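Chemist: what follows is a protein structure lacking sequence information:
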């Protein structure tokens, strides 16, 4: 049974007459008769009782007719829901987001986005870039906000760039930086490579690491107590406005920057939640 059969059964139920149904649907009477026989064969039961002046539905026919009504109602609801997705997107949205961006940018962004799209259920996971990007490639996230350039062949949008800085409560002489105690924050391997390249392009000695932590907040609190310097993104200075960060510069004097990108797939428009989020982020950056 297909949509044409549903239309035929509705018309036949209302007309109770094959001739009138044929005129209404612009179909020949023999064609209607053939289709009715095919339906009875398909369901394996008698659906109609032929009478001299019309046709009457059997109990089985009534059951099939009620099914047709529900199917048509469901079809209209689906059409309505699909149309509504354009103005009221819904569903779920899985986001992978790097730690720094998640802490200093996402609270404001998600608050605004949820006000604009309250029907979308957001699932956010923060972490290190290399882990998040790997999970994104494997399909765990629908969008991924991570730092650094990746060999991605589909869609991406540049969001933000942050200077990498030295934070220290006490004054330091950059020429003698290896002599000062270092609070090492265990960061993303990709970012650590950038910091290592910067360090060894300026100094021959390794950092004098005295404290190692895997939490940005811990590194900053240790720094605030004068236990050493630490290297973090400039955004982290929002937690310590009394500390003036020192931007790191490359050998040519240019600032050492770290870019953040929004990565997503080229078919994003087919998922209303992803489409809404991408378009929202385009208004913010």
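Modeler: Now that the structure is in, tell me what you want to look at. The shown structure was predicted, so the numbers you read here are calculated from the model rather than taken from an experiment.

Chemist: just the buried positions in the helix or strand where residue 41 lies, please.
Modeler: Assignment of secondary structure by DSSP states H and E places residue 41 within helix 29-43. Along helix 29-43, the positions that meet the burial threshold by neighbour count (16 or more other Cβ atoms under 10 Å) are 32, 35-36, 39-40. Using the backbone N, CA and C atoms, a C-beta is placed for each residue, glycine as well.

Chemist: can you check stretch 128-145 too?
Modeler: Residues 128-130, 132-133, 135-136, 141-145 are the ones in stretch 128-145 that count as buried (16+ other Cβ under 10 Å).

Chemist: how distant is that stretch from the center of its chain?
Modeler: Centroid displacement of stretch 128-145 relative to its chain, using Cα atoms, centre = their mean, to the nearest Å, is 11 Å.

Chemist: got a list of contacts for it?
Modeler: Contact with stretch 128-145 is made by 93-99, 101-102, 106, 125, 146-148, 150, 159, 187-191, 260-265, 268, 271, 273-274, 277-278, as judged by Cβ atoms under 8 Å, 6 or more residues apart in numbering.

Chemist: out of those residues, which are inside strands?
Modeler: Here DSSP state E is the test, and the contacts of stretch 128-145 give 93-98, 125, 146-147, 159, 260-264 as lying in strands.

Chemist: what's the most distant pair in these?
Modeler: Spatially, the most separated pair among the ones in strands among the contacts of stretch 128-145 is 93 and 147, at 20.6 Å (Cβ to Cβ).

Chemist: between the two, who's got more neighbours?
Modeler: In terms of neighbours (other Cβ atoms under 10 Å), residue 147 is the more surrounded of residue 93 and residue 147; the figures are 27 against 23.

Chemist: lovely, talk soon.
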